[in-house]
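Trainee: got a structure for you, letters missing:
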């Protein structure tokens with residue numbers, strides 16, 4: 001299972017999606033999507049470069 005760092009927390013995919021919905025970053029429709037697809041859509045809609053954004057600004061996948 002993939003994990004993501006976001007705003008000081010290490011979250012599973014499901015918890016990340018719920019946090020993004022709770023904070024208004026994502027719509028409830030994100031629940032039925034692959035998390036990477038949802039993050040790509042959110043980043044594109046908000047002009048965020050996922051490669052350069054830090055984990056305080058946008059979720060970063062934990063590698064390893």
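Mentor: All right, it came through fine. Note that the coordinates shown come from a computational prediction; the quantities given were computed from them, not determined experimentally.

Trainee: okay, CA-based contacts and neighbour counts for the rest of this
Mentor: Noted.

Trainee: Quickly note the distance from residue 34 to residue 17.
Mentor: Note on residue 34: its distance to residue 17, by C-alpha to C-alpha, to the nearest Å, is 10 Å.

Trainee: quick one, which of the two is more surrounded?
Mentor: In terms of neighbours (other C-alpha atoms under 10 Å), residue 17 is the more surrounded of residue 34 and residue 17; the figures are 24 against 11.

Trainee: correct me, but the more buried one touches residue 35?
Mentor: Yes: look at residue 17 against residue 35 with C-alpha atoms under 8 Å: they come within range, at 7.2 Å.

Trainee: Could you pull out the strands in this structure for me?
Mentor: In the chain, the segments counted as strands under DSSP state E are 3-6, 9-12, 60-61.

Trainee: Need those strands in a markdown table (columns: mean neighbour count and distance to residue 29).
Mentor: Below are the strands of the chain laid out as a markdown table (neighbours: other C-alpha atoms under 10 Å; distance: least, C-alpha to C-alpha, whole Å):
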| stretch | mean neighbour count | distance to residue 29 |
| --- | --- | --- |
| strand 3-6 | 18 | 19 |
| strand 9-12 | 16 | 18 |
| strand 60-61 | 18 | 21 |
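
Trainee: which stretch among the ones you listed comes nearest residue 23?
Mentor: strand 3-6 (12.3 Å; C-alpha to C-alpha).

Trainee: Partner strands of the closest one and their direction?
Mentor: According to DSSP bridges, strand 3-6 forms sheet pairs with strand 9-12 (antiparallel), strand 60-61 (antiparallel).

Trainee: Identify the residues contacting the first one?
Mentor: Same thing as strand 9-12. Contacts of strand 9-12 with the rest of the structure, by C-alpha atoms under 8 Å, 6 or more residues apart in numbering, involve 1-5.

Trainee: Specify the stretch among the strands of the chain that is closest to residue 25.
Mentor: Among these, the nearest to residue 25 by C-alpha to C-alpha is strand 3-6 (12.4 Å).

Trainee: any low-confidence regions in this structure?
Mentor: Filtered on pLDDT under 70, the chain yields no residues whatsoever.
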